[in-house]
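**Student:** I'll drop the sequence and a predicted model, then ask my questions.
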Amino acid sequence: MAVSDLDSVWSFLREFFNYAWYDEGVERARAARAEESGAERWQRVRQAIAQRELPPGEPLRLVNEGANQVLDANTDEEAYKWLDLMLENVESDGQIRPY
């Protein structure tokens with residue numbers, strides 16, 4: 001994984017989730033994704049998460065510190081559950097599934 005991919009995920013989570021309720025972050029990320037410039041950024045973020053190539057400890061740090069979200073368990077596995085659900089919710093036009 002390129003460092004820029006990790007930076008892309010970090011900045012995305014900080015921008016949309018850090019000081020927002022989860023639902024609000026999803027809605028804001030959906031709106032950004034719909035814009036042409038946001039679509040390219042979203043693809044980098046999506047790919048970095050989906051490929052599961054984040055260094056050990058980074059998924060947990062991204063969710064806890066980048067997104068400022070609390071997990072059920074402080075593990076990378078649980079962080080990936082949160083990240084996967086975030087991907088699903090941002091790509092959906094329907095109701096937001098809570099974590």
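**Tutor:** Structure received.
**Student:** only C-alpha atoms for contact and neighbour calcs from this point on.
**Tutor:** OK.
**Student:** what pLDDT does the most far-flung residue of the chain relative to its centre get?
**Tutor:** Within the chain, the residue lying farthest from the chain centre (CA atoms, centre = their mean) is E36, at 18.7 Å. Looking at E36, its pLDDT is 83.
**Student:** would you list the phi and psi of it?
**Tutor:** phi -60, psi -50 (degrees, to the nearest 10).
**Student:** stretch 67-83: end-to-end distance?
**Tutor:** 10 Å (CA to CA, to the nearest Å).
**Student:** how about residues contacting that stretch?
**Tutor:** 10, 13-14, 16-19, 22, 49, 56-60, 63-64, 99 (CA atoms under 8 Å, 6 or more residues apart in numbering).
**Student:** okay, buried residues for it please.
**Tutor:** 67-69, 75-76, 78-80, 82-83 (16 or more other CA atoms under 10 Å).
**Student:** chain center to it: distance?
**Tutor:** 10 Å (CA atoms, centre = their mean, to the nearest Å).
**Student:** and it, average pLDDT?
**Tutor:** Mean predicted confidence for stretch 67-83 is 97.
**Student:** do I have it right that L87 meets Q47?
**Tutor:** No. Between L87 and Q47 there is no contact under CA atoms under 8 Å: 10.1 Å.
**Student:** the more surrounded of these two?
**Tutor:** Taking neighbours as other CA atoms under 10 Å, L87 and Q47 compare with L87 leading, 18 against 13.
**Student:** rewinding a little: filter the contacts of stretch 67-83 down to the buried ones.
**Tutor:** Among the contacts of stretch 67-83, those scoring as buried are 10, 13-14, 16-18, 22, 49, 58-60, 63-64 (criterion: 16+ other CA under 10 Å).
**Student:** of all the residues you listed, which comes closest to D93?
**Tutor:** Using CA to CA, Y22 comes nearest to D93 of those, at 15.5 Å.
**Student:** where's that closest one relative to D5, distance?
**Tutor:** 22 Å.
**Student:** let's see the pLDDT reported for V90.
**Tutor:** The model's pLDDT for V90 equals 97.
**Student:** dump the residue contacts of it.
**Tutor:** By CA under 8 Å, 6+ apart, the neighbours of V90 are 26-27, 29-30.
**Student:** can you flag which of the residues you listed belong to helices?
**Tutor:** 26-27, 29-30 (DSSP state H).
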